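Student: 3D model of this:
(chains A and B)
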Amino acid sequence: MTAQRTPTVETVRALVATHLGMPAEGDRPHADEDLWDLGLTSLNCLRLMLRIEDTFGVTLPERALKFSTFRSTTAIAIAVDEARAEGMPSDNGLRTGHHNRY
Amino acid sequence: MFGDPPTQADIVIIGNGALGLFLAVELADRGADSIVVVGPGHRDGGASQAAGAMLGCFAETTGESLRTSAARCRFGLGVAAHDLWPSVLPKLQEYAPDGLPLRTASETHVVLNSVGGQLDNANLTAMFHALDMYGRPWREVDPGDIPGFNPRTDTRALRAILLPEEGAVDARGVLAACEAQARAAGVGFVDDAVRSLSSDANSVIGVELADGHVIETGCAVIAAGAHSESLVRTVLPDLDLMPVFPGFGFAMVARRGGGSAFDSVVRTPNRGFACGLHVVPQAGGREYYGATNRLVDGVGGATWMADARFLTQYVMQQLDEGAGAHRIERWMAGNRPVTLDGFPLIGWLPLSGLYLMTGTYRDGFHCAPLLAGHVANELQGRPGVIDPMFRPTRHPIATRTVEGSVEEYVEHSLAAWFETGAEAAPQMTTSQIADHYRVLGQRVYEDLGTDYGLGPDLLWYAQQSLLGGRRLARYLRRLHPARSVAAAGAR
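Tutor: Got it, this is the predicted structure:
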């Protein structure tokens, strides 16, 4: 995936930078820089995810709720744009399009 | 059931676990007709079919059990249910498959060993308090005198408490007997899952099966365990129902390879996010060993290798070192319905004719006879027998402060640390390990942005799962938006 400086990528970059204690202004993390090398951990990923959802007003689809989604700002931006395209309704935590059976 | 499923019923019970089956029998006994129970005959993933079915409530006591009025009310349900079983079993025994004895133990030994951490001591102290408060008998015995109990020397028990009134039933036998009794009373059974419910503007009007068949009804009871919440949402999508999570558990039934058999339930106190290690005698020279507990994102039936290791290793270490030669005949995985506040969801939903009974966590089986009577009363327009505080449309019952929740999480984490044989550098003290877990717990609260005190199992889950963490955060922030803003602002 080509790393483009879309508005989504730029907003994600600023959020991630703040989350990782880097200057919000500037160009890091770079689009494909590994966030886990920069201090993202399984323990602080939840807060970043919630902040991204809050900022963009989206609900990331369940398939995106894995740590690999947060490997780079590009990967996060793709997940955000997909969530916007799908127009996911507000989260009730349950799968959509999933047949309820037991 | 032979032939096509019915097209109409007065009452459809969704779920063929202990709650659904006992309710069906109760309603049939009261003369209700046209009752249909829907659920897959294999019951895979259900909590009841995997249950140890210890008929015990005092052995389950924790420091939380009697600390708050809501917890005391909940504990009282267990005690009341316990007192019902002796009157339920004789009739049920008539329907037992192959005449197997349903009651497989009549007493319980709670053993205190040094494997589980201080939490074991705290829960044992709470158990003594509860037993004395309710005036129930117990006595201290020599751990060496417990038939079958044969732990490794380095994990031998320090104390053992006999509870002469707490036994166990064969869960799978009871389910079969209950279904047979219900069938004999005219209850219909449909071997299928439910896909959705349907309604008109005010009322439930039908239940759609996985194969598309529809059963028309004016009354549906959802007793589908960890699946219940998603079924409710098929007709009440916007209802702000408290989240229910699957509490995945693993257990096994083995045939003894030799040595002297257990003739009582032998168990540790509740510990490490779970229900303690236990063995429950089963008919035919078999024994049930349980159980693990872990909150998970979705109902499943496959066990983690780590769970299999956990259970088999600790059975051999802590209960019977000869168990390595036992033959495992059955692995069981069940999903307990765990609510956000840990209390059950029982009552009418805001749609005429729709009733919910779930959220019973680890003692739905035990409480089933009591809840059956309660729900049957409510369905028939009579007063219930349990406190209305457990109505399903409530907000979460608050029983903990954040600080108390974190400390409880620390105790459970330490218990799990020691039980799993984790090791720190010798100069590192237990309180330093506790500090580590305390920071983790506090951090989760900062992330969630809530001041609602969660149980230790939920706090653990929020750390493990982005989906789980998000469900908790979103639900709790909706409930208390001002607090979440304050918490977010404090970052």
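
Student: Return the list of helices and strands in contact with the longest helix along chain B.
Tutor: Looking across chain B with DSSP state H, the single longest helix is helix B:69-93. If contacts are counted by 3 or more C-beta pairs under 8 Å, 6 or more residues apart in numbering or on different chains; DSSP states H and E, helix B:69-93 sits against helix B:171-184, helix B:364-379. In this view, the C-beta of every residue, glycine as well, is placed from N, C-alpha and C.

Student: what is the orientation angle of the longest one with helix B:171-184?
Tutor: Orientation of helix B:364-379 against helix B:171-184 (axes from the mean of the first three to the mean of the last three C-alpha atoms, to 10 degrees) gives an angle of 30 degrees.

Student: chain center to helix B:364-379: distance?
Tutor: Its chain's average C-alpha position is 15 Å from that of helix B:364-379, according to C-alpha atoms, centre = their mean, to the nearest Å.

Student: measure the residue positioned nearest the centre of chain A to residue A:32 for me?
Tutor: In chain A, the residue lying closest to the centroid (C-alpha atoms, centre = their mean) is residue A:76, at 3.5 Å. According to C-beta to C-beta, to the nearest Å, residue A:76 and residue A:32 sit 11 Å apart.

Student: for chain B, what spans make up the helices?
Tutor: Under DSSP H, chain B gives helices at B:18-29, B:69-93, B:118-134, B:171-184, B:228-233, B:305-314, B:364-379, B:402-419, B:430-448, B:456-464, B:466-479, B:481-489.

Student: domains of chain B?
Tutor: When chain B is parsed with automatic domain parsing, its domains come out as B:102-169+B:245-339, B:402-490.

Student: mind putting the ones you listed in CSV, distance to chain A included?
Tutor: Output for these, formatted as CSV (distance: least, C-beta to the nearest C-beta, whole Å):
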stretch, distance to chain A
domain B:102-169+B:245-339, 7
domain B:402-490, 4
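
Student: Take those domains and lay them out in TSV including mean neighbour count and mean pLDDT.
Tutor: Shown next, in TSV, are the domains of chain B (neighbours: other C-beta atoms under 10 Å in any protein chain shown; pLDDT from 0 to 100):
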stretch	mean neighbour count	mean pLDDT
domain B:102-169+B:245-339	19	95
domain B:402-490	18	89
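
Student: of those, which approaches residue B:371 most closely?
Tutor: Checking the domains of chain B against residue B:371 by C-beta to C-beta gives domain B:102-169+B:245-339 as the closest, at 12.7 Å.

Student: Per-residue pLDDT of residue B:64, please?
Tutor: pLDDT for residue B:64: 93.

Student: I misspoke; the intended subject was residue B:21.
Tutor: Residue B:21 is given a pLDDT of 98.

Student: check contacts around it.
Tutor: B:37, B:175, B:178-179, B:182, B:368 (C-beta atoms under 8 Å, 6 or more residues apart in numbering or on different chains).

Student: What is the end-to-end distance of stretch B:419-435?
Tutor: Taking C-alpha to C-alpha, to the nearest Å, stretch B:419-435 runs 18 Å from one end to the other.

Student: no wait, stretch B:108-120
Tutor: 16 Å.

Student: for that stretch, the distance to its chain's centre please.
Tutor: 20 Å.

Student: try stretch B:7-14
Tutor: 26 Å.

Student: Check stretch B:254-261 too.
Tutor: On C-alpha atoms, centre = their mean, the centre of stretch B:254-261 falls 27 Å from that of its chain.

Student: got it, and stretch B:59-75?
Tutor: 15 Å.

Student: Report the buried residues of that stretch.
Tutor: B:59-66, B:70-71, B:74-75 (16 or more other C-beta atoms under 10 Å in any protein chain shown).

Student: Could I get the full set of strands for the stretch 201-350 of chain B?
Tutor: B:204-209, B:214-216, B:220-222, B:244-255, B:265-267, B:278-282, B:286-290, B:294-295, B:327-339, B:345-348 (DSSP state E, counting those that start in this stretch).

Student: Redo the ones you listed as TSV? Include distance to residue B:15.
Tutor: Formatted as TSV, the strands of the stretch 201-350 of chain B follow (distance: least, C-beta to C-beta, whole Å):
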stretch	distance to residue B:15
strand B:204-209	11
strand B:214-216	14
strand B:220-222	7
strand B:244-255	13
strand B:265-267	26
strand B:278-282	23
strand B:286-290	21
strand B:294-295	20
strand B:327-339	10
strand B:345-348	13
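
Student: Residue B:438 versus the residue with the largest distance to the centre of chain B, what's the distance?
Tutor: The C-alpha centroid of chain B is most remote from residue B:427, which lies 38.9 Å away (C-alpha atoms, centre = their mean). Per C-beta to C-beta, residue B:427 is found 20 Å from residue B:438.

Student: repeat for residue B:263
Tutor: Distance from residue B:263 to residue B:438, by C-beta to C-beta: 42 Å.

Student: got it, and residue B:314?
Tutor: In terms of C-beta to C-beta, residue B:314 sits 26 Å off from residue B:438.

Student: Tell me which residues touch residue B:418, please.
Tutor: Residue B:418 neighbours (C-beta under 8 Å, 6+ apart): B:115-117.

Student: The residue nearest the centre of chain B and residue B:342: what is the separation?
Tutor: What sits nearest the mean C-alpha location of chain B, by C-alpha atoms, centre = their mean, is residue B:362, with 1.6 Å. Using C-beta to C-beta, residue B:362 is found at 10 Å from residue B:342.

Student: cool, residue B:108 as well?
Tutor: 23 Å.

Student: how about the nearest residue to residue A:60, chain neighbours excluded?
Tutor: residue A:83 (5.1 Å; C-beta to C-beta, 6 or more residues apart in numbering or on different chains).

Student: Please identify the helix or strand for that neighbour.
Tutor: Secondary structure from DSSP states H and E places residue A:83 in helix A:73-86.

Student: Which elements pack onto that helix?
Tutor: Short answer (3+ C-beta pairs under 8 Å, 6+ apart): helix A:73-86 packs on helix A:7-19, helix A:45-56.

Student: circling back: in contact with the residue nearest to the centre of chain A, which residues?
Tutor: Going by C-beta under 8 Å, 6+ apart, residue A:76 touches A:12, A:16, A:52, A:69-70.

Student: Mind picking the two most distant members of those residues?
Tutor: Pairwise across the contacts of residue A:76, and taking C-beta to C-beta, the largest span is found between A:16 and A:69, at 12.4 Å.

Student: neighbour count winner among the two?
Tutor: residue A:16 (24 against 20; other C-beta atoms under 10 Å in any protein chain shown).

Student: Isn't the more buried one up against residue A:47?
Tutor: No. With contact defined as C-beta atoms under 8 Å, residue A:16 and residue A:47 do not form a contacting pair (11.5 Å).

Student: What distance do you get for the closest residue to residue B:236 other than its chain neighbours to residue B:198?
Tutor: In space, and not counting its chain neighbours, residue B:236 is closest to residue B:351: 5.9 Å by C-beta to C-beta, 6+ apart. Per C-beta to C-beta, residue B:351 is found 11 Å from residue B:198.

Student: More neighbours: these two, which one.
Tutor: Neighbours were counted for residue B:351 and for residue B:198 using other C-beta under 10 Å; residue B:351 has more, 19 against 15.

Student: Can you name the residues that contact that one?
Tutor: Residue B:351 touches B:199, B:202-204, B:235-236, counting by C-beta under 8 Å, 6+ apart.

Student: Go through the residues you listed and name the one nearest residue B:346.
Tutor: Distances from residue B:346 to the contacts of residue B:351, taken by C-beta to C-beta, are shortest for residue B:236, at 16.2 Å.

Student: for stretch A:23-33, the distance to its chain's centre please.
Tutor: 15 Å.

Student: okay, how far is it across that stretch, tip to tip?
Tutor: Note: stretch A:23-33 ends 15 Å apart using C-alpha to C-alpha.

Student: got the contact list for residue B:18?
Tutor: B:48, B:51, B:171, B:174-175, B:178, B:364-365, B:368.
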